[in-house]
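**Student:** I'll drop the sequence and a predicted model, then ask my questions.
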Amino acid sequence: MRRLTAENMSRSAFTAPHVTEFLTVDVTRAMKALDRLRGRREWRDVRVSPLLLVAKAVLLAVRRHPMVNSTWAGDEIVVKDYVNLGIAAATERGLIVPNIKDAGRLTLRELADALTDLVQTAKAGRTSPADMSGGTLTITNVGVFGVDTGTPILPPGESAILALGAVREMPWVHKGKVRPRQVTTLGLSFDHRIIDGELGSKFLRDIGDFLADPEAALLAWT
């Protein structure tokens with residue numbers, strides 16, 4: 001497993017010209033939205049975490065910037081009309097990246113269930129080769145290890161990968177005053193052959209805007 005991971009990462013790192021951008025976001029409203037979800041009767045048996053809202057933000061941002069969900073095919077760029085959303089998972093056998101097929105068609109509840117099933121299957125060592133093939137865009141949640149963010153390497157054939165950092169209480173200027181707020185840092189790596197600085201920045205900014213106020217973004221974008 002580690003040999004395969006090393007081969008894939010080396011091939012990607014020395015084939016696709018990587019660029020990484022960072023964005024620090026006040027996610028206080030997002031964390032409150034998660035608390036409200038947890039309090040709803042129909043969500044009480046559902047695993048609800050910041051990763052759920054980040055995944056939703058990525059899927060909505062792809063609709064606004066479809067070129068991000070593409071691959072370099074030598075003499076052409078292939079833009080996918082579906083998102084097989086990869087979620088990097090650390091297991092006893094090493095890092096694997098299973099993906100949720102056609103994740104953009106799922107409701108928020110269906111997405112939450114799919115994320116839970118993906119993580120549990122990976123930890124149990126039951127992820128199939130089919131689950132790890134065909135990914136189009138990936139999220140890696142390094143925040144679960146207590147770090148702020150990273151500069152992730154693209155999975156081979158993909159054009160973007162988002163790192164989610166730890167959510168921390170920090171002093172933040174809010175409405176003109178310094179207050180304690182819930183803050184995280186996002187790191188977006190992308191293939192500069194396909195995604196230029198403007199597109200990468202707009203995509204990352206949209207994800208940040210969603211996390212800053214998810215309910216307003218849902219009303220505006222859907």
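**Tutor:** Cool, the structure landed.
**Student:** Show me which strand runs longest in the protein.
**Tutor:** strand 177-191 (DSSP state E).
**Student:** What is that one packed up against?
**Tutor:** Strand 177-191 sits against strand 18-26, helix 28-39, strand 160-164, strand 168-174, helix 197-212, with contacts defined as 3 or more Cβ pairs under 8 Å, 6 or more residues apart in numbering; DSSP states H and E. Placement of C-beta: from N, CA and C, glycine included.
**Student:** quick one: strands adjacent to the fourth one?
**Tutor:** As defined by DSSP bridges, the strand partners of strand 168-174 come to strand 177-191 (antiparallel).
**Student:** Distance from the chain centre to the partner strand, please.
**Tutor:** The chain centroid and the centroid of strand 177-191 are separated by 14 Å under Cα atoms, centre = their mean, to the nearest Å.
**Student:** Just give me the residue closest to the centre of this structure.
**Tutor:** Centroid check for the chain by Cα atoms, centre = their mean gives I139 as the closest residue, at 3.2 Å.
**Student:** Assign a three-state SS to that one, would you?
**Tutor:** strand (DSSP: H, G, I helix; E, B strand; the rest coil).
**Student:** contacting residues around it?
**Tutor:** Going by Cβ atoms under 8 Å, 6 or more residues apart in numbering, I139 touches L51, V54, A55, V58, L85, G86, I87, A88, I161, L162, A163, L164.
**Student:** In space, what's closest to the first one - neighbours in sequence excluded?
**Tutor:** Put plainly, it is L51. Using Cβ to Cβ, 6 or more residues apart in numbering and skipping residues adjacent in sequence, the residue nearest L51 is N141, 5.3 Å away.
**Student:** Which strand residues bridge that neighbour?
**Tutor:** Listed beta-bridge partners, N141: L164 (assigned using DSSP bridges).
**Student:** Distance-wise, check it relative to K202.
**Tutor:** Going from N141 to K202 by Cβ to Cβ, to the nearest Å gives 23 Å.
**Student:** Thanks a lot, see you next time.
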